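A.B. asks: What shape does this take:
(chains A and B)
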There are 2 protein chains.
Amino acid sequence: MKLLFHYWTSPYCRKIRAILAEKNQDFSLKLVKPWVRDNSLIQLNPAGTTPVLIDNGNTIIGNIAITEYLEEAYPEKKLITGNKFERAEIRRLTDWFDSKFYNEVYKNLVIEKIDKRLSATGSPDSNALRAGWSNIDIHLSYIDYLMDRRRYLAGNELSLADLTAAAHLSTIDYLGDIDWDKHRQAKEWYARIKSRPCFREILCDYLTQIPPSKHYADLDF
Amino acid sequence: MKLLFHYWTSPYCRKIRAILAEKNQDFSLKLVKPWVRDNSLIQLNPAGTTPVLIDNGNTIIGNIAITEYLEEAYPEKKLITGNKFERAEIRRLTDWFDSKFYNEVYKNLVIEKIDKRLSATGSPDSNALRAGWSNIDIHLSYIDYLMDRRRYLAGNELSLADLTAAAHLSTIDYLGDIDWDKHRQAKEWYARIKSRPCFREILCDYLTQIPPSKHYADLDF
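C.D. replies: Residues are numbered from 1 along each chain as shown, chains lettered A, B, ... in the order given. Take a look at the predicted model:
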């Protein structure tokens, strides 16, 4: 049995949950709030961050290490497929969302609107929100562009890039901050990914203080 | 022949240069300044960032994609070695420096002192500098801790974690912002890594406007 130390809206934790489910691996969750010191987590990971995965007594730490570990340890369902150039394209787009999208959108919207409120550390910065709303449009246009050329983000097969992008987008969609009507191709792609069984549990996440947007868990939004 | 689009003090580009040299691969460099729009780079990478590697006509984009690509394409000298848990430990520490060190130290010192000056976008923020100087000490203490237990950062063999950490540290050492006398174990480890032929060219980098610290290229510092 596996145990994942996670935080609800962390896109990295959501990605690992989706990978585990896509690979048909059972796991339990242990919630850690980033703003509360958790000694059991720090003993496992000196950085004090999630995701951390316990797999059969072994500790694997961090988004990238866990992702590549799961790909090596559970290869029955591969998510980094194809030749070395196709694999590089999957990792390029995965990194696009993990770095660029995270810095340009997630930090400006989710950390400002959710983390600040739940940790009682202030109200959202209006400049950050404006930057986030402007940036999300650019990223969705890039997904539109890719979807005009490919069946999935990184090629013609589902890959780690799709699960990563959808994990990130799901946190913004929870807030209702995506204008899907402006991005038909991105919407169709996201509808396909969020309909996969691996996303079912993620779409059930519900913060009582900040409920999700109306269409968040709707597969036909 | 390979061509790497790079920027002098980018730790990610320095890491790729070290990997290529460690794997005995010849390559040329094309300099791109992050604050100057470069259309030839944007045509290759819509994110407009370095590192970008051209290998025999193929374009590979970004720190993580290039690192894993080189490991797959040139396996004669492996840098992510051992069993799947040892490989996860290498990737954990690589990510430690690429994310945690980058955000806590690099941004506060190199971007404030070098990028701002070269791009003429202001003078260093004193709060950022103080945070960077305080954080570097914590990271060096962690290297001391690891060196009390292992021959190299992630285990008993040289790995991607060592090249990554040294690539990041070299940019701070360029500024002379490391108090090596306080960190004997980290100093001995860094002396071993910077003495490797793969670091020779990196230690020759010289910005005329901001010369390196006296001991920067000194192998016996």
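
A.B. asks: Please give the element, helix or strand, for the residue positioned nearest the centre of chain A.
C.D. replies: Residue closest to the mean C-alpha point of chain A, counted by CA atoms, centre = their mean, is A:A167 at 2.4 Å. Per DSSP states H and E, A:A167 falls inside helix A:160-174.

A.B. asks: Which of the residues in that helix are classified as buried?
C.D. replies: Of all the residues in helix A:160-174, those buried under the rule 16 or more other CB atoms under 10 Å in any protein chain shown are A:160-174. (C-beta placed from N, C-alpha, C; glycine too.)

A.B. asks: Is it positioned near chain B?
C.D. replies: No: among the residues of helix A:160-174, none lie within reach of chain B under CB under 8 Å from any CB of the partner chain; the closest is 10.7 Å away.

A.B. asks: Stretch A:40-47 now?
C.D. replies: Yes: using CB under 8 Å from any CB as the criterion, contacts between stretch A:40-47 and chain B involve A:46-47.

A.B. asks: can you list the domains in chain A?
C.D. replies: Recorded structural domains for chain A (assignment: automatic domain parsing) are A:2-73, A:84-204.

A.B. asks: Could I have the CA atoms of the longest helix seen in chain A written out in CSV?
C.D. replies: For chain A, the helix with the greatest residue count under DSSP state H is helix A:126-147. The C-alpha trace of helix A:126-147 is given here as CSV (Å, rounded to 0.1, in the frame of the first residue of the first chain):
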residue,chain,number,x,y,z
SER,A,126,-4.9,42.8,-7.0
ASN,A,127,-1.9,43.2,-9.3
ALA,A,128,-1.1,39.5,-8.9
LEU,A,129,-4.7,38.6,-9.8
ARG,A,130,-4.7,40.8,-12.9
ALA,A,131,-1.4,39.2,-14.0
GLY,A,132,-2.8,35.7,-13.4
TRP,A,133,-6.0,36.4,-15.4
SER,A,134,-4.0,37.8,-18.3
ASN,A,135,-1.5,35.0,-18.3
ILE,A,136,-4.0,32.2,-18.1
ASP,A,137,-5.4,33.3,-21.5
ILE,A,138,-1.9,33.0,-23.1
HIS,A,139,-1.5,29.5,-21.8
LEU,A,140,-4.9,28.4,-23.0
SER,A,141,-4.2,29.8,-26.4
TYR,A,142,-1.1,27.7,-26.5
ILE,A,143,-3.1,24.6,-25.7
ASP,A,144,-5.6,25.6,-28.5
TYR,A,145,-2.6,25.9,-30.9
LEU,A,146,-1.3,22.4,-29.9
MET,A,147,-4.7,20.9,-30.1
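
A.B. asks: For that helix, give me every contacting residue.
C.D. replies: Among residues not part of helix A:126-147, those counted as contacts by CB atoms under 8 Å, 6 or more residues apart in numbering or on different chains are A:100-101, A:104-105, A:107-109, A:112-113, A:153, A:165, A:172, A:177-179, A:182-186, A:188-189, B:46.

A.B. asks: please redo it, this time with the cut-off set to 6 Å
C.D. replies: With CB atoms under 6 Å, 6 or more residues apart in numbering or on different chains as the test, helix A:126-147 has contacts from A:101, A:104-105, A:108-109, A:112, A:153, A:183, A:185-186, A:189.

A.B. asks: Any buried residues in it, and which?
C.D. replies: A:128, A:131-133, A:135-136, A:139-140, A:142-144, A:146-147.

A.B. asks: Point out the residues in chain A that sit beside chain B.
C.D. replies: By CB under 6 Å from any CB of the partner chain, the part of chain A that sits against chain B consists of A:47, A:58, A:60-62, A:64-65, A:68-69, A:72-73, A:84-85, A:88, A:91-92, A:95, A:100.

A.B. asks: where does A:I60 land in three-state SS?
C.D. replies: Following DSSP: H, G, I helix; E, B strand; the rest coil, A:I60 is assigned to strand.

A.B. asks: If it is in a bridge, with which residues?
C.D. replies: With DSSP bridges applied, the residues forming beta bridges to A:I60 are A:L53.

A.B. asks: right, and it touches A:T67 too?
C.D. replies: No: under the criterion of CB atoms under 6 Å, A:I60 makes no contact with A:T67, lying 9.7 Å away.

A.B. asks: Chain A: strands as residue ranges?
C.D. replies: Counting by DSSP state E, residue ranges of the strands within chain A are A:2-6, A:27-31, A:52-55, A:58-61.

A.B. asks: what would those look like in TSV with mean neighbour count?
C.D. replies: Written out in TSV, the entries for those read as follows (neighbours: other CB atoms under 10 Å in any protein chain shown):
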stretch	mean neighbour count
strand A:2-6	19
strand A:27-31	14
strand A:52-55	23
strand A:58-61	21
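
A.B. asks: Next, format those as TSV and append distance to A:R117.
C.D. replies: Formatted as TSV, the strands of chain A follow (distance: least, CB to CB, whole Å):
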stretch	distance to A:R117
strand A:2-6	19
strand A:27-31	17
strand A:52-55	25
strand A:58-61	28
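
A.B. asks: follow-up on the earlier one: can you pick the most crowded of the contacts of helix A:126-147?
C.D. replies: Each of the contacts of helix A:126-147 was scored by neighbours using other CB atoms under 10 Å in any protein chain shown; the highest score is A:V105's, at 28 neighbours.
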